[in-house]
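Peer 1: build me a model from this:
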Amino acid sequence: MSRFLPLTIRFVHGGTMVVSSIADARKALDGTWKNKDAATYVKAVRLVEDAANGICRPAIAFAAFKKAAAEQGLLDPVGPSAALSMFDQLWSRDRKGPPR
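Peer 2: Next up, the predicted model:
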């Protein structure tokens, strides 16, 4: 089981990757990004590497990775989970009242 909720990254040249760990983030940072000189990208690389070496909290590194990916438009939009969709259906059905 992964430590973080999975993110789907869509690289500049069309490939995708699901990222849900620091190891995944390291691999994804090697992919094709729009701007590897951007401050958020450089910071994410440093923090992910530090987390892999045990000198940075993984949650901080993962947040930096997510911010860099979002800034460059690489995050695939995430729809609601299946459980949330079922809950929404039940809730809307209950609000309508009993069948007539």
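
Peer 1: and residue 28, how far from residue 63?
Peer 2: Separation of residue 28 from residue 63 (C-beta to C-beta, to the nearest Å) stands at 14 Å. Quick note: C-beta positions are derived from backbone N, CA and C, even for glycine.

Peer 1: more neighbours, those two?
Peer 2: Each of residue 28 and residue 63 has its neighbours counted (other C-beta atoms under 10 Å); residue 28 has more, 22 against 14.

Peer 1: ok, now which ones touch the more buried one?
Peer 2: 9, 17, 19, 65, 69 (C-beta atoms under 8 Å, 6 or more residues apart in numbering).

Peer 1: please identify the helix or strand for it.
Peer 2: Using DSSP states H and E, residue 28 sits in helix 22-29.

Peer 1: how about that helix as CSV, C-alpha atoms only?
Peer 2: Presented in CSV, the C-alpha positions along helix 22-29 are these (Å, rounded to 0.1, in the frame of the first residue of the first chain):
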residue,chain,number,x,y,z
ILE,A,22,8.8,9.0,-3.0
ALA,A,23,10.4,6.3,-5.2
ASP,A,24,7.7,7.0,-7.8
ALA,A,25,8.2,10.7,-7.5
ARG,A,26,12.0,10.3,-8.2
LYS,A,27,11.2,8.4,-11.4
ALA,A,28,8.6,10.9,-12.5
LEU,A,29,11.0,13.8,-12.0
